[in-house]
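sequence and predicted structure are below.
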Amino acid sequence: MTRLLGWLTALVLWGGLFYATTLTEPLILRQRYEIAKHARPDAEYQITRAERLTPSAERYKGRFHKAGNTERLEWAQGNQLAILEWTVIHRRSPFIHDGEPIIVLPMALQTPIKQGATIRMIRMSYPLGYYFVIVDKRGEVVGVLEVYWNT
């Protein structure tokens, strides 16, 4: 009887843990952008071109391009080619190689992104992922992109 009670207790605890995990996952998904907004950036960039960037809950496949100090992400979003291009202000570690495939999730864009805004790149806990926190000239966060590469 004691053994049965022990197994039943373990099963109830495991079920409670699973239930708690399923309840907290949506909260974590909502909060990841808030955490990224306040994290220390690994790099900062100044936007030189932003075309056809629209918020979406979909992930898009694209490419990273590099030409000297200018770098660019391109991805097909619907029937249009979305482009985000920047120049490097500072970076502590190397980024993606030229021509690498990427995946972009433009989920938290609030306003049209303008030339001159700043991108703060924050490395995710996922090894090949980055948050691109977009800050306008007034210092307000106007969007967050998730960028994964080589996946």
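That came through fine.

hey, where'd the helices end up in the protein?
2-38 (DSSP state H).

return the helix or strand in it with minimum mean pLDDT.
Ranked by mean pLDDT, DSSP states H and E, the weakest helix or strand in the chain is helix 2-38, scoring a mean of 79.

which helices and strands does that helix pack with?
Applying 3 or more Cβ pairs under 8 Å, 6 or more residues apart in numbering; DSSP states H and E, we find helix 2-38 packed against strand 129-135, strand 141-149. The way it works is simple: take the backbone N, C-alpha and C, and place the C-beta from them, glycine included.

I'd like those strands as JSON lines, with distance to residue 77 and mean pLDDT appended.
Below are the helices and strands packed on helix 2-38 laid out as JSON lines (distance: least, Cβ to Cβ, whole Å; pLDDT from 0 to 100):
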{"stretch": "strand 129-135", "distance to residue 77": "15", "mean pLDDT": "89"}
{"stretch": "strand 141-149", "distance to residue 77": "12", "mean pLDDT": "87"}
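
quick one, what contacts residue 41?
For residue 41, the contact set (Cβ atoms under 8 Å, 6 or more residues apart in numbering) comprises 120-122, 133.

first to last residue in stretch 36-50, what's the distance?
End-to-end distance for stretch 36-50, by Cα to Cα, to the nearest Å: 21 Å.
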